[in-house]
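# Just the structure for this:
(2 chains)
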Amino acid sequence: MSDKLRLEVAKLLHDNAKLSLESIAKMLGEPLETIAQTVTELEEEKVILRYSAVVNWDKLETNQVTAVIDVRVLPQREVGFDAIAKKIYRFDEVKSVSLMSGGFDLQVIVEGRDIREVSRFVSEKLATIENVTGTTTHFLLKTYKSDGVIFDDTDGERRLMITP
Amino acid sequence: MSSLYDRLSPVVVNLPPSGIRRFFDLANQMQDVISLGVGEPDFVTPWHIREACMYSLEQGYTTYTSNRGLPELCAEIANYLTKFNLAYDPASEIMVTVGGSEAIDIALRMLVCAGDEVLIPAPTYVSYRPCALLAGAVPIDVPTHAEDQFRLTADALEGAITPNSKVLVLCFPNNPTGATMSKEDLERIANVAIKHDLFVVSDEIYAELTYDGKHTSIASLEGMKERTVVISGMSKAFAMTGWRIGYVAAPAPLLSAMLKIHQYTIMCASNMAQRAALEALRNGESEMERMVESYDRRRRLIVQGFNEIGLTCHEPKGAFYAFPDIRSSGLSSEAFAERLLREQGVAVVPGNVFGETGEGFVRCSYATSVELIEQALERIRTFLESLR
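Prediction:
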């Protein structure tokens, strides 16, 4: 499969994971078998890891809190940041870990049932990992836009029903 | 009441009302309508363009601009047009208009005298005919056909020419058929235009929405710039329909003639909208390409969808309209569109409103979401089955 096709299929599914293989095939002008094969490949190669929904949790009854934590670490010989990142991302509470350029090294997103749970995780688990030299915890207050989706979008259909 | 009407200009009194109006009223009375009848992008103008307009207001740019438009916008338009191998002097050959619509009106008013014939390939956008009539000219339909993918052929054009023929109006990529003209197609038309000394008004508002190869402007062909008025604008490419910013590019003598009409009737296009257009042309290319890619995918989806449910649909190579052949339903375009709307709640535009040869077809805009296109196709399938 061409890299371009793989990229196009991945982008379409990223935008809308509910698109059927038939629709994708038509939209890209490719045979259905080619698209089915491409999606299977993307899944098997773990390019596509999961199909999930973008959810506005603020609209659901939940006390869940999210913290974005800047973590500074001492990189280790040979394995650099990867070994420490691995120690961090193994925790189920940790939803994402990324290596960053700039003033800190790892950005860690943690979810917990309440503030106490997240605080305990940071002070007892995260901060005590060897070579972690400092953490700054930011609690997420409100999400306005995530993964390209505006949560409070008021852009409805404003066009006239029929125009020349 | 009628006596008052009788005292009005007969040209206006006799002008037929838009054939779309009836469907608009009907669709508006109904609930749960999926509209494939909208002739504009389904994107909101990209934010950076809207933001540039707001900034211009903060800066107090609320005055008139020069008649021909902001000089920096004219310069940016000239620069943009080089993309289509067009070379125009921004100071004397370009003017900003209130949408492509104003440009159509003033171009025809400039070119024709009473009784001149304006050749209009049809089916096509609904404004050319009335504008020609209002200018005192005689509009002549030049038929295009599904067999030729609704491209204009030199033979059809030759067949319509009389000693009174003066102007040829081109609209490619075409609303409603989605037809485009290749360079070779246009060369054959250019030869006829030169042979019969015709002016050409080339409405290229959908130029960016060309999916198969690159758009060619007839004005870029040998011997054509001097007899062509190129019309385009921001509406379709940059999702800026409501801003009403179009432009014309033409040789200086033609442009200065149009400028006279424009300065006495319009004065200038809106200052803030011109500033938004400036931002669009300077920094809008990548957003525009993203939108074009999105239309292209939906184009393939709807065309295959129509063919699958038994409506033959030629492949539209441009714009954002599919123009399926509905003759197999046994209904006229008007009856098909009206019953489809009443019985299944899908709004389409009957092809005959765009000219006689549009009869037997309906225009379906695919500038709507994938989900709605798929639902609309399902409803049309149900409608077709109910006719059997």
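# pretty sure B:His119 is in contact with B:Val167, am I right?
Slight slip there: residue B:119 is Leu, not His. Yes: using Cβ atoms under 8 Å, B:Leu119 is in contact with B:Val167, at 6.9 Å. Every C-beta, even on glycine, is put in place using the N, C-alpha and C of the backbone.
# so which strand or helix has the residue nearest to the spatial centre of chain A?
Nearest to the geometric centre of chain A sits A:Ser96, at 6.9 Å (Cα atoms, centre = their mean). For A:Ser96, the host element (DSSP states H and E) is strand A:94-99.
# Quick one: list the elements packing against that strand.
Under the contact definition 3 or more Cβ pairs under 8 Å, 6 or more residues apart in numbering or on different chains; DSSP states H and E, strand A:94-99 sits against helix A:82-89, strand A:106-112.
# Dump the C-alpha coordinates for that strand into CSV.
Extracted C-alpha coordinates of strand A:94-99, given in CSV (Å, rounded to 0.1, in the frame of the first residue of the first chain):
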residue,chain,number,x,y,z
VAL,A,94,-1.1,7.9,33.9
LYS,A,95,-3.0,8.6,30.7
SER,A,96,-0.2,10.0,28.6
VAL,A,97,3.5,10.6,28.7
SER,A,98,5.5,12.8,26.2
LEU,A,99,9.1,13.9,26.0
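# Tell me which strands that strand pairs with, and in which orientation.
Here strand A:94-99 is paired, per DSSP bridges, with strand A:106-112 (antiparallel).
# gap between the next helix or strand after the strand it pairs with and the chain center?
Downstream of strand A:106-112, the next assigned helix or strand under DSSP H and E is helix A:115-120. How far helix A:115-120 lies from its chain's middle: 22 Å, per Cα atoms, centre = their mean, to the nearest Å.
# helices or strands up against helix A:115-120?
Counting contacts by 3+ Cβ pairs under 8 Å, 6+ apart, helix A:115-120 packs against strand A:65-73, strand A:106-112, strand A:132-139.
# which parts of that helix are buried?
Within helix A:115-120, the residues that qualify as buried are A:Val118, counting by 16 or more other Cβ atoms under 10 Å in any protein chain shown.
# as a whole number, average confidence for it?
Per-residue pLDDT over helix A:115-120 has a mean of 94.
# Kindly report the same for stretch A:22-39.
Stretch A:22-39 comes out with an average pLDDT of 97.
# Kindly report the same for stretch B:376-388.
For stretch B:376-388, the mean per-residue pLDDT is 97.
# Can you tell me which of the helices and strands packed on helix A:115-120 is nearest to A:Glu45?
strand A:106-112 (25.2 Å; Cβ to Cβ).
# so what's B:Val230 up against?
B:81, B:86, B:202, B:204, B:217, B:219, B:248-250 (Cβ atoms under 8 Å, 6 or more residues apart in numbering or on different chains).
# for the residues you listed, which one is nearest A:Phe151?
Set against A:Phe151, the nearest of these by Cβ to Cβ is B:Glu204 (39.2 Å).
# And the strand holding A:Ser96, how far out from the chain middle?
Counting by Cα atoms, centre = their mean, strand A:94-99 comes out at 9 Å from the chain centroid.
# what's the answer for stretch A:107-116, then?
For stretch A:107-116 - counting by Cα atoms, centre = their mean - the centre lies 15 Å from the chain centre.
# So which bits of that stretch are buried?
Neighbour-count burial for stretch A:107-116 flags A:108, A:110-112 (criterion: 16+ other Cβ under 10 Å).
# Which single one of the residues you listed is nearest to B:Ser66?
The closest of the buried residues of stretch A:107-116, once distances to B:Ser66 are taken by Cβ to Cβ, is A:Val108, at 57.0 Å.
# Report the contact partners of the closest one.
A:68-69, A:71, A:88, A:94, A:96-97, A:126.
# Any chance of a ChimeraX selection covering the buried ones in those residues?
Per 16+ other Cβ under 10 Å, the buried members of the contacts of A:Val108 correspond to this ChimeraX selection:
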select /A:69,71,88,94,97,126
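# Any chance of a markdown table for the contacts of A:Val108, columns pLDDT?
Listed next are the contacts of A:Val108 as a markdown table, based on pLDDT from 0 to 100:
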| residue | pLDDT |
| --- | --- |
| A:Val68 | 97 |
| A:Ile69 | 97 |
| A:Val71 | 97 |
| A:Ile88 | 96 |
| A:Val94 | 97 |
| A:Ser96 | 97 |
| A:Val97 | 97 |
| A:Leu126 | 95 |
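# any chance of the contacts of A:Val108 in TSV, plus distance to B:Pro90?
As requested, the contacts of A:Val108 are arranged in TSV below (distance: Cβ to Cβ, whole Å):
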residue	distance to B:Pro90
A:Val68	49
A:Ile69	54
A:Val71	55
A:Ile88	58
A:Val94	57
A:Ser96	50
A:Val97	53
A:Leu126	60
